[in-house]
Each structure stands twice: as structure tokens, then as C-alpha cells.
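K.L.:
this one's sequence-less:
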């Protein structure tokens, strides 16, 4: 089960949605205390055909990071969708930014192609820290917050396992 | 200028078509001694809008190696299109297979990832000889003909320039 | 006579173009709609078009669209108060109509008794002969081979409509002689064969037949007409026909609306209120390959563009991106054209077919154009032997005049491909972010003019 | 009177939906067609639909579609013998008509003198007043502000058709009061305002106006009608109007065919041969964003699905994959519906708009649905102030009942994304051949149900 929290009206309202997979394309979704049986079918022109219980809808999702605009039958609903982890971070008292030491880990097994930062360097959130390669593709791994690179545990060319700790920013 | 030769009616007829680029999307095309001004526009659903002099056509091309089926206004024309090099090979007396020593070269600068053959090994046309990597993508380079690997000039991990000779089959 | 009830929510016990067609009229009438679907049809247009949709079961029709209990369960689950059967599937199964009515729902169609009366062909013929309807000669027993019993017959059908109050009208005829292996392909109204007196005779006999079985709702009385313009009853279908659009185009009536109104107990219009205007022709677009013996074609429709403009009607059941499965009739949709006269209507439909673009699967569009352009069809002089007689002529052969264009297209495409491969080799600079399984792809993305001005 | 000639090849001096519309009729009549295009329109539908196409020049209209010499050169180069101007661009420039005829070609439109007579509005009004046509009061001089001079007027236009032989008929009226900033958006025929006597009066006056300027071909006489049902001449256009489909749907006539026939010297039908039937409504589909002050929207149409079914007509000028450029009018096409009565026609158009799917750019489709559903429109009680009066009501606001659906859609989509990312991490085995700029892409390709049964 995964729980998502949608922030509506610019954060004034908060709605929790629980999703449990239930066969191919099928889900049980709890919303406002009611469990709906949902069948989702992705059309390749980018719309989602949704059967909610028996009702048929076509939804178009326009996503940018955690912001999403959902269009259903001509109505457009903008909101922010957070998963539990992001929500916890958001709820850290007094601030809505990422706090504490953040460790950057390898998403899958692969190889560190290049380092783009040095230990002790000040970095901004979103700044690329290193180039990581797996499955023949390169990706930049980015700083999760503003801060200092307090640990740098790998070097260029090094092969690492999935979830290996690469560096930390604090 | 490039010259193509189309083989029609299963090779019974042979027609030469010369193509000279003439600005973005524009070409001068000589066919049966007449030069046509052609404007070609590729629609992203896979059809080609062609203006031949002033006439407007929509062509759909279905290609498999050198065989191509062209559909224009409901008429379908199957033929084989060869460029000059292929035609020369075809015209080698007595046979329609690739003859002589064939050298495999690097299509662009890159790195040899893995060797899939050894010097002296017998190989079949189309059999992968080595894995070559460039632009973060791996490609297999294949034997151009049946024969023996008479030269193997690189080893796994070696970086090479574009057009570098990699191996030869004879 | 059961007491008809006001209909509020209609379950459409069908799929494809006819399900979409029925849902459209329901929407116009402000009625809620329920679609049903099999595994193969989860992404189908009728599922997306309806307000609600209920899964029936596996793809084969006998495990989904033909299972009465599943349909009744779907109606119950969604609170539908009426069931429209469309055509095919359960539409002529009296047992289904009976079960629907037993569940307290309205069956949009005739009473089960009328369906049974017509479903049993030998008995139906006897009954009709007693009512003075001429029946195809020598055919009291056998069920097959009607068309063969007469020489070169035409098949002309009369659309009738009857209500619960004794009202019975006809909406003129449809000429249905363009058939391939007994499957209609092109239909038109009026028939080029009929004149006023013959039409009046046939319509009168059709109404006699409908009354003889106490018919209710939409019905079609099919006749065979021989070379001497004598006609015989062939069969009566007690449901909407696929080719109903030609009748709608000529009369201006919406037959699905009429069906629903009659099912609610309303009267049919008076005969003198039915005014015929102009000429309509319909062509059925099938996913089949005429070059391979009309073998059905399956797979994803990668691109679809349907024609429009004056007098053109598209009744589609698919969309770009839909996957045509092998489980059902390969009918993708129907394209119809109306015009003030037959020549213009045929020219219009031919023009429209030229604009019908389907990629990804084979269709009979070119074959339909050839059929419409055939001199016998243009002259209106064709019978049920048309498709077989002209089978070779109707298969598209390449137009020699276009060979040069095809050669130019192939050469230009080859040039671009070669050119782009060369260009790609020189384009390494921006390559890190490129996506591709080979070098050529990068080149194609950069080197092509197209898609943007 | 110049000797009209048989037309064989028509150059269509226009673009977009009206060029496609004209080409369609030419194809039905067996006439060859020549399209013209600017840089931005190389991939446009009219270029692909015509038999031939000639490049005019850069994208701005003043360097392409408005350059008379380029159009004449194109006609000469292709051997066209007639020029159809469509609407807008050069369609009402007497100078162009004169140049076309001087080049020995047929101009499909009025004589240049009639265009000049109508183009000079103050003189036209004086001439018409002399002919007994009531002109908007207090407006002998000024060219602007007609609609403001009357309180809450309606704009009703009469379609007329005149031939070279003195024949002049009307094809009834079009109600054109739904206008946003003087741009028509929804039109219908007949007008809910007119009754028999008022219609007869207006049509008679319209024909008087057409005769007063010796008009030939298609013309439209626009009137303002005040709350007391008095009417005044506003202007006369001497070309095809964008909204001609509603007249075609009601009369069954093809106005482009009539234009071409009249240009060849044929007579118009007799007035008593023009029979009106039912009701038609048209909505113009614009690439504009009502939520952002109706700002035009440009870019690629990534997906397009147009509605069909009974009584629906699509006059489109674009296709899925086309790039809408900022250089021209943002009209993508027109969607019209016909039905036996007004309520059914409006319900039908509303239903059809629900099925109109455009991805990639913003459109006014939801706004049109809101306008058609507005009580004032449903009641037929609206005037030229309709759009401004109800501006706020017509802007789509989210339907609160759908919020739950949107939440479910977002949560399911998020779940899938997260799930696929996790799955992708476990899917390294088959990764060498994968194409993607990130890990998620691989997962999406593998993890999604969709597109195939």
C-alpha cells in the first residue's frame, strides 16, 4: 500500500489517498473513507482511461515535479501530490525545506563516471554532484539540499552496488 | 549527387534516379532524363508529403533492407533500391554476393567494448564480430560476408578514432 | 401489452461502432449510458464514450458479449433500466429479450414472441404466405441458398417501424446488393432499381409482414428482386441494421431515438411526416486485406484520420492508438455520404474515401473506392453477383502513372537516410543526452525537416 | 457580360479549413485543384489534399497569401483556369478579381464593380437607401460602431445567390449574434428570432440589396435586428462566409458547387426548388485559451480525434501532427450539427463537442460547450451582447463532483510511477538494448498496461 497526500487550494486542504494494487491495471483506492475499485488503462496518446467502480472517465495528467494538473471531462484540477516520505519532510517543524544530513545513494548498480564536486564544497540544491552510469546510460545525481559536501565516498571510474552510499550533503 | 538504381518487376527493369540536394527539404531529381524539382516533407506519422514540380503526393514507405514498398494514392510499388556501391557489388560477374576482403571500420570514434570473434575464426555474414560503444550506446558490428577473420586489429576496451580499421573478413 | 416505462439509463449490450452509435443518441437525449466490455476491449472507444462501463469477461464473445447473465448482472449493478442490444450478439435472441423483461427492464426491440416468430424461418414463411406476402419460390424448407434460387437477384430491404399503439410506417428502402460472401459492403437509399409503383408495392408488403408478426420497434424486411422486377420475401430482422445511416440521411430521422421513444410507449410519426430527400450511400470500412483474400488484419491503429466536409458522416468504432483484436467482426466503422442526387452522393463518398487514412493495419478502403468507381456501380446496374463478377477488377492494381512518383519517393528517402547517417557521424558533440539504440536514430532526430515549420 | 468558360482546374487562393472545404467540392465535381502555401504551411492539410501545390513565400500573409502577383504566377504555372478566393485574404479585393479576369481566368465571385460598390460602405449605403433598403440609423458616415448604435441588436444574415442571367434567390438566414469581440463563434439557421413574415421581409430586402449592386454568385446581406424586431442593413459580403455549412445542412445545397456553376454561367435554382429542413448549428473551433483571455495557442497538435455520428459535420483544416503557427487566424475548423429541430440540433452539437479531442494546444472547445448549454442560448434568447454579458459564466470552472476522480487519477499515476521506478531497478538484465535517457523510461516501457489487450 502507498499513501499519497494531495494539497488542494494552494495547500489549504489536505486529502489522503491510499492505493493498493489489485491485479494488472487494477487498484483499490481509499479516499474520504470509501474504498473504490479502480481500473486504469493508459492510452498511448497520453490519457488515462479510468473506471472508478463502474464510472468511466478519461483523465489527462500534466505533471511538473510534485505539481500536477488533472483534466477530467473539461474540468481542470491543479494540486500537489506528495508521497509519505516527502510529506514527512514537509512536516518537519517550522520549515518546508529538506533538513539534516542527506545521503546520495546509487539508484542501481553501476559506475561513477565523473565527480562534479569535491568534499567540503558548498553546493546548492539541484546542483549535479556526479555523473553515474548504469544500463549504458549516464545520469547526473544532484544535491538534495543546499549545504556542504560532508562526505565523498567514491571516485571516478568506481563500480558500485545498488543503494551504495556515494556522498552526503549537510 | 547520389545515384540510386531501382530494380523493378523482380529485377527485370532497372531505373537510375539521381538526387541532388537543393536547399532544406528540396531536391533536384533526374529520372528518365528529366530533372524534377522535388520538395519533401516528413510527417511524423510516417508519411512523406512530396511536391514533384507542382504535383502534390503523399507517399508511405515500408522498407526492409534494400527492399521498399512505396504506396502513393492507393497504388503500391514494390522494388529494390541500391546505391552505387551496392550496385557495383551486385554487378560483380557471376555472383550476387559480397566478394573479396571486407574491412570492418569504426563508424565514429568510440571504444571497443567486447570482442565476439577471434582471428582465424570462420564467421557467417551478419554474425556479430565485436561490441562497439560510442555516444553512450552499444552497437554490434557484424560480418559483411561469410569467411574467415583474417585480421583483428583491436582489443576489448581500446579507444579508436572514427573510420579506424577494426578487423577484416575474407 | 406490458406497460412501457420512462427510460433513464441504457445498457448497450454490444461493442464497436454500433455501441458508440447508440451511446451518441442516448447522450443527445440526456440518457445515462452503460457500456460492457471484454478483456480485449478495455481500451475500446465505446468504453470511453459511455458514462459507465462494466467488465464482462474474457475476450471470446461466448465468454463475454454472449453471456446473458453477465449482461443482466451489469444492468443490475449499474441500475440501468433499459437494454439496447444493437445488432448481432444477443440482438435477435428471444430468450435474452425475455430475460431482460423478466428482470423488470425495458428491452429496446420487439417483443420476444415476434422475435421467435421471425427466428424460425420456415414457420415465419408459412405465416407470411398466409398473410399474402410472396416468399422466395421453392424455399419452404431450406434455410440456405436463397440468393442462389433466383438468377442474379438484387437484395432490397424495407425499413419499417412499429409502435405499441398499432402504428406502423416504412422509411423507404435500402439497396444492399453489394455483398461479398453474403456480407454487405456498400448500401444505398433509394435503390437505383425501384420506381414509385414498385417501391409502393414493396413497402406495403413489408408492412403487411411486420403486422403479421405483431412487430414492435425497428425492423427490416429483406426482399430479393429478380431481373423482371418481381420480388420475394427473404427474411425479416427485428433489430437495428448496420446500414441504418443511409435511411437516417435520407429521412432526417434518428432511428435509435425512434427505437428508444417507441420502447417508452411513444407513437411512431405518421407516414406522411416521413419525407425523403436526396440520396445516401454507405461503405463499410473493414480491417481486412483485399490483396490477401480479404484476410482480417489485426494490430494497433498507429494513425487515423477520418474525412469530413459537406454531406459526409463517419460512424467509427475505433481511434488512433486502438488495437484491433482478432476476436470480433473486423468492422472499423462506416462512412456515408448524402447529396441531392445519386451521382453526387457517389462522387462525395469516393472523395471522402480518398481522405480516409489508417496506418498500422490493412483496410478495404482502396477496394471500396474501386467498387464505387466501377461502371456497373456508377450506372446503378448491379446485383448480388457484383463482387464476385468483378473480383479481379476491384483489386487495386498500381496506377502506372504513379510509378515515377514512387521512384522519386524511394530515392529521396534513401538519400536522406544516407545523408543523415553521415551527418550523425559528425554530430557527436551533443550526443550525451541523445536517446537511441543506434547512430542513425540520432541523425534522424537532427537531420529531418518536418513536423515543424 | 464576359463570356463564362468551362472550369477545369481551380486555384484556391486561401489556406486552412476553407481551402480544404473548397478542394473537397472540386474533387466531387471532377475538377483539378491547386493549393498555395507559405513557409509555415508546407505541411498543411490543404497542400496535401490538393492535386498540386505552389509555394508562395514567407509565412507572413503580406509576403504570401496577400501577394496578387504570386497567386497569378501560381495559376499560370499550373494552368489553372479559375481562382476561388475563399474568405478573408484577397476575397473582397476588387483589384484582385480584376487582375484574375485580366489574366483570362475565371474569378469565382462577383464582378469587380459589385465588390467595389459594396467595399465603399458609405456609398453602398446611399445606393441601398435609394433602392429602398433600410440602413442602420445615424450611420451614413462612420464605418465602426454599428452594433453599438442599436441597443442589444441581433445580427441576422441572409444568404443570397445570383447568376449571370438575372436569377437571384435567397437560401434563408443565419443567426450570427454569438460574437466575441466582433468575431462570430456560434451560428445557426434558422434564427430562433424570426417568424415567417419577418423572414420573408428580410429575404426580400436582401435580394433588393443584391440586385442594387448587380451581384453575382454567393453573397451575404447582414442585418441588425432590434428588440422590436425592426431590421437594418449592416453590410453585404460578396464571398463565401465561414458559416455557410449551416445553410448547406438546412437546404441540402453545396454552396461551393453553386459558386462554381454560376461562375461557369449556369443559372441558380428556382426559389421554389430551395427547400428548408430542420435546424443546424455551427461552432468554430479556435486554437485559443479562454482561461488566458482567449490568447491564441500555437504548437503541434499531438493528437486529434474529431467526432462523428448522426447529423454531425466536421470542417477541419488540420490533422494530428500539424503545427499551428502564429501567423494566421487561429481557426482550426468548424463543427456543425443538424437535426429535425433546434433543441435536438443543440443537443447533438453539445454531444459532439464532448467527443472533440485535441492534445498539444489549447482550444475553446469547453467554452463552446458552456455557451451551447447556457440557458439564454438554449432558449434562443440572445443578442450580440451574449458573450460579454456571460463572460464569467462561460469560463469553465471545475466541476466539484469530479475532484475525487482527479485525486484518484493523480494517486494511481503516482503509484504507477513509483512502482515502475522500483521495477526498473530490478530490470537490469535486459537493459543493454533499452533506449532511454533515464531509468524511469525503461520501467515505463515494461511496466505499463496499455495500448494492447
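P.N.:
On my side now, so go ahead. Since this is a predicted model, take the numbers as computed values, not measurements.
K.L.:
gap between whichever helix in chain C runs longest and the chain center?
P.N.:
For chain C, the helix with the greatest residue count under DSSP state H is helix C:403-425. Helix C:403-425 has its average C-alpha position 41 Å from the chain's average C-alpha position, going by Cα atoms, centre = their mean, to the nearest Å.
K.L.:
List the buried residues of that helix.
P.N.:
Buried residues in helix C:403-425, counted by 16 or more other Cβ atoms under 10 Å in any protein chain shown: C:403-417, C:420-421, C:424-425. Glycine gets a C-beta too; all of them are placed from N, C-alpha and C.
K.L.:
Could you confirm whether it reaches chain B?
P.N.:
Yes - with Cβ under 8 Å from any Cβ of the partner chain as the criterion, chain B is reached by helix C:403-425 at C:403-416, C:418-419, C:424-425.
K.L.:
can you tell if that helix touches chain D?
P.N.:
No - in this structure, helix C:403-425 remains apart from chain D according to Cβ under 8 Å from any Cβ; the gap is never smaller than 12.3 Å.
K.L.:
just stretch C:239-258 next, same as before
P.N.:
Yes - judged by Cβ under 8 Å from any Cβ, stretch C:239-258 and chain D are in contact via C:245, C:248, C:252-254, C:256.
K.L.:
What's the end-to-end length of that stretch?
P.N.:
Using Cα to Cα, to the nearest Å, one end of stretch C:239-258 lies 12 Å from the other.
K.L.:
From chain A, how far off is residue C:106?
P.N.:
Plainly put, residue C:106 is 20 Å away from chain A if you go by Cβ to the nearest Cβ, to the nearest Å.
K.L.:
Do you know the pLDDT at that residue?
P.N.:
In this model, residue C:106 is scored at 97, pLDDT.
K.L.:
Give me the nearest residue to it, chain neighbours excluded.
P.N.:
Closest residue to residue C:106 apart from its sequence neighbours, by Cβ to Cβ, 6 or more residues apart in numbering or on different chains: residue C:82 at 4.1 Å.
K.L.:
number of nearby residues for the closest residue in space to residue A:8 that isn't next to it in sequence?
P.N.:
Excluding the flanking residues, the one nearest residue A:8 by Cβ to Cβ, 6+ apart is residue A:79, at 4.9 Å. Applying other Cβ atoms under 10 Å in any protein chain shown, we find 23 residues neighbouring residue A:79.
K.L.:
Okay, and the beta partners of residue A:79?
P.N.:
residue A:68 (DSSP bridges).
K.L.:
Quick check: it touching residue A:68?
P.N.:
Yes - A contact is recorded between residue A:79 and residue A:68 when judged using Cβ atoms under 8 Å, the distance being 6.5 Å.
K.L.:
Overlap in contacts, the two.
P.N.:
residue D:410 (Cβ atoms under 8 Å, 6 or more residues apart in numbering or on different chains).
K.L.:
Tell me the residues of chain A that contact chain C?
P.N.:
Residues of chain A lying near chain C by Cβ under 8 Å from any Cβ: A:25, A:39, A:41, A:43-45, A:49, A:51, A:54-56, A:58, A:138.
K.L.:
hmm, 7 Å instead?
P.N.:
Chain A has residues A:41, A:43-45, A:49, A:51, A:54-56, A:58, A:138 near chain C, with proximity defined as Cβ under 7 Å from any Cβ of the partner chain.
K.L.:
Looking at the residues you listed, state which has the most neighbours.
P.N.:
Greatest neighbour count in those, by other Cβ under 10 Å, goes to residue A:51: 25 neighbours.
K.L.:
Can you tell me the closest non-neighbouring residue to it?
P.N.:
Of all residues beyond its chain neighbours, the one nearest residue A:51 is residue A:39 (4.2 Å), with distances taken as Cβ to Cβ, 6+ apart.
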